[in-house]
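S.K.: How does the following fold in three dimensions:
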Amino acid sequence: MQALKERRKHERFNVDQSCVLVSPLMVLSYEVLDISNSGLAFSYAGWENWPRKGVKLDFIDQNLYLEDLPVRIIKDAQLDEGSKKLRRCGVKFTDLNAQQEAMVKQYIESVTSN
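M.R.: Down below sits the predicted model:
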């Protein structure tokens, strides 16, 4: 069996005790699963019909609050067979300004230093 080729350009880091609010649908995640310089994955309950454009994400953590991060939905799938409504959504950051990029990098550094 041939091994799957890794397509990610940036290393992913596990995250604890963070969540995101996704608008315009106002979906609140259970948790952020992992993050990289280019995007993140989060879990949520339900089934969303994500819009193709205009999706923004507010990142909520004890030590950091970032709002209106523009993202594109990359993948949305059932998290596991045991929970039909629990889903994993992967997003890619798009058009971050310099301040937003710096804040994401700062957050990743704080996650990896713990």
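S.K.: quick one, what contacts S23?
M.R.: 55-58 (Cβ atoms under 8 Å, 6 or more residues apart in numbering). Heads up, the C-betas are built off the backbone N, CA and C, glycines and all.
S.K.: Now do the top strand by length along the chain: everything it contacts.
M.R.: Longest strand in the chain, counting residues (DSSP state E): strand 65-80. For strand 65-80, contacts defined as Cβ under 8 Å, 6+ apart pick out 22, 39, 43, 48, 50, 55-59, 84, 86-96, 100, 103-104, 107.
S.K.: hmm, back to that, for the contacts of S23, pick the one with the most neighbours.
M.R.: In terms of neighbours by other Cβ atoms under 10 Å, these top out with L57 at 22 neighbours.
S.K.: for that residue, helix, strand, or coil?
M.R.: State at L57, reduced to three classes by DSSP: H, G, I helix; E, B strand; the rest coil: strand.
S.K.: any weak-confidence spans in the chain?
M.R.: Within the chain, the set of residues satisfying pLDDT under 70 comprises 1-10, 17, 113-114.
S.K.: same thing but 90
M.R.: For the chain, applying pLDDT under 90 flags the ranges 1-22, 24-32, 45-53, 59-67, 77-86, 103, 106-114.
S.K.: where's the residue sitting nearest the centre point of it relative to Q99, distance?
M.R.: Residue closest to the mean C-alpha point of the chain, counted by Cα atoms, centre = their mean, is L40 at 2.9 Å. L40 sits at a distance of 18 Å from Q99 (criterion: Cβ to Cβ, to the nearest Å).
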